[in-house]
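*Asks:* Structure for the following, please:
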Amino acid sequence: MENKRYYITDSPLNPLELQQLVTKPEAGAVNCFIGTVREFTKGRRTLYLTYEAYEKMAEKKLAQIGSEIQEKWEETECAIAHRTGRLDISEAAVVIAVSSPHRQAAMEASSYAIERIKEIVPIWKKEQWEDGTAWIGDQLEKNRYPRGGPGKEELEE
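*Replies:* Residues are numbered from 1 along each chain as shown. Sure, this is the predicted structure:
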């Protein structure tokens with residue numbers, strides 16, 4: 001994904017690649033957030049996750065988040081990648097890289113990005129536990145789809 005700052009992929013994520021996209025001489029800080037698959041959620045053991053995305057819309061929304069960050073924190077640069085497909089425990093599901101002249105802005109912008117991803121990006125995850133499965137309809141885990149996520153046509157703008 002050379003020079004592409006906002007993307008969805010089924011390949012393993014490379015944090016260094018995203019870091020390099022945002023690094024610049026004016027940056028005094030580069031923050032790289034890596035969201036990984038955890039083994040236990042609310043006491044329940046996860047075996048693996050499967051992520052699906054409406055890729056075209058998801059990439060637009062990731063770019064929107066990047067624009068929001070640049071508006072809120074001047075002189076920042078941002079790159080975001082999210083993985084789809086089956087991910088095992090400890091694999092990277094999302095990488096957010098933010099550079100800024102100052103560390104506080106870089107860290108705040110990274111935190112903002114992950115929360116916005118959970119709010120607006122059309123990505124669903126299927127949790128495979130020891131004793132069953134469930135689709136999570138949004139990353140905030142408010143909506144659960146026991147038989148799968150909503151159809152892609154429902155997400156057209």
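
*Asks:* Correct me if wrong, but Glu68 is in a helix.
*Replies:* Yes: applying DSSP: H, G, I helix; E, B strand; the rest coil, one finds Glu68 inside a helix.

*Asks:* Count the residues that sit near it.
*Replies:* Number of residues near Glu68 (other C-beta atoms under 10 Å) recorded here: 16. (C-beta placed from N, C-alpha, C; glycine too.)

*Asks:* Quick check, pLDDT for it.
*Replies:* On pLDDT, Glu68 comes in at 98.

*Asks:* any idea how far it lies from Glu52?
*Replies:* Here the distance between Glu68 and Glu52 works out to 24 Å (C-beta to C-beta, to the nearest Å).

*Asks:* what do you get for Glu108?
*Replies:* Noted for Glu108: a distance of 30 Å to Glu52, by C-beta to C-beta.

*Asks:* and the residue of the chain positioned farthest from its centre, what does it touch?
*Replies:* Within the chain, the residue lying farthest from the chain centre (C-alpha atoms, centre = their mean) is Asp131, at 26.6 Å. Asp131 makes contacts with Arg44, as judged by C-beta atoms under 8 Å, 6 or more residues apart in numbering.

*Asks:* Tell me who's in contact with Ile114.
*Replies:* In this structure, Ile114 makes contact with Phe33, Gly35, Val94, Ile96, judged by C-beta under 8 Å, 6+ apart.

*Asks:* Could you say which helix or strand holds it?
*Replies:* Ile114 belongs to helix 103-120 when assigned by DSSP states H and E.

*Asks:* so how far is that helix off the chain centroid?
*Replies:* Offset of helix 103-120 from its chain centre (C-alpha atoms, centre = their mean, to the nearest Å): 10 Å.

*Asks:* Give the next helix or strand downstream of that helix.
*Replies:* Helices and strands here follow DSSP H and E; after helix 103-120, the next one along the chain is strand 123-129.

*Asks:* Give the other helices and strands that the helix or strand following that next one contacts.
*Replies:* The C-terminal neighbour of strand 123-129 among helices and strands, as given by DSSP H and E, is strand 132-136. Applying 3 or more C-beta pairs under 8 Å, 6 or more residues apart in numbering; DSSP states H and E, we find strand 132-136 packed against strand 123-129, strand 144-145.
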